[in-house]
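*Asks:* Sequence plus predicted model, see below.
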Amino acid sequence: MLHHFLILSAVCAMVIPKPLPDFYYYSLAVGGGSGNEYSTAHEGRITGIRVWEYFWGSYISGIQLRYDSNWMEIAGSNYGNPMEMELFDRESITQVSGKYYNGYIYELIFVTNQGRSFNVGLPAGSSFNFYPTHRESELRFLSGRQNGGVITSIGAHWAMVHNCV
């Protein structure tokens with residue numbers, strides 16, 4: 001019996017955390033959609049967010065996510081004013097909202113399962129609101145397009161993350 005437990009523990013250790021495909025959902029991208037594609041997809045859990053606002057009260061120029069303890073490549077650019085939110089243990093992003101106008105993303109709002117929110121940008125244009133279809137799912141990554149160092153579209157990918165503990 002102990003042998004089976006050790007094998008199961010080893011298998012769980014190799015796959016922590018992994019999204020469960022049964023609960024995957026994609027919130028369709030909004031925005032102008034011009035330029036090159038980007039994706040923030042990476043292994044692990046999102047533990048931090050950085051967003052660059054081109055100038056105070058202007059469009060979003062870049063987004064960077066931290067997975068576990070590693071910051072990933074910037075989607076867009078690091079032009080302008082950076083703002084950052086660090087997630088607490090067991091905290092996850094459960095909603096992404098904002099505004100887009102004239103081919104640019106102007107505002108991003110990230111809401112967590114602990115009721116905290118992180119708001120960057122100018123509330124100008126058409127609204128969007130992304131959230132998972134399964135209540136235990138969380139944000140896994142963002143994708144969309146960027147053009148000339150500016151985020152022109154954004155979509156959200158959701159999944160339930162399985163922990164073996």
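*Replies:* Thanks, I have the structure now. Numbers count the residues shown, from 1 in each chain.
*Asks:* Which parts of the chain are strands?
*Replies:* In the chain, the segments counted as strands under DSSP state E are 18-31, 36-39, 46-53, 60-67, 70-71, 75-76, 81-86, 93-101, 104-112, 117-121, 126-130, 138-147, 150-162.
*Asks:* Now tabulate the ones you listed in a markdown table and tack on mean pLDDT.
*Replies:* Formatted as a markdown table, these follow (pLDDT from 0 to 100):
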| stretch | mean pLDDT |
| --- | --- |
| strand 18-31 | 81 |
| strand 36-39 | 97 |
| strand 46-53 | 97 |
| strand 60-67 | 97 |
| strand 70-71 | 98 |
| strand 75-76 | 96 |
| strand 81-86 | 95 |
| strand 93-101 | 97 |
| strand 104-112 | 97 |
| strand 117-121 | 96 |
| strand 126-130 | 98 |
| strand 138-147 | 97 |
| strand 150-162 | 93 |
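*Asks:* Quick check: which of those strands is buried the most?
*Replies:* Each of those was given a mean neighbour count from mean count of other C-beta atoms under 10 Å, and the largest, a mean of 26, is that of strand 75-76. C-beta here means a position set from N, CA and C on the backbone, and glycine is covered the same way.
*Asks:* Show me what that one is packed up against.
*Replies:* Strand 75-76 sits against strand 36-39, strand 60-67, strand 138-147, strand 150-162, with contacts defined as 3 or more C-beta pairs under 8 Å, 6 or more residues apart in numbering; DSSP states H and E.
*Asks:* Centre of the chain to that strand, how far?
*Replies:* Counting by C-alpha atoms, centre = their mean, to the nearest Å, strand 75-76 is centred 12 Å from the centre of its parent chain.
*Asks:* For residue 30, find the nearest of the helices and strands packed on strand 75-76.
*Replies:* Closest to residue 30 of these is strand 150-162 (C-beta to C-beta; 6.3 Å).
*Asks:* of all the helices and strands packed on strand 75-76, which lies closest to residue 93?
*Replies:* Closest of the helices and strands packed on strand 75-76 to residue 93 is strand 138-147, at 3.8 Å (criterion: C-beta to C-beta).
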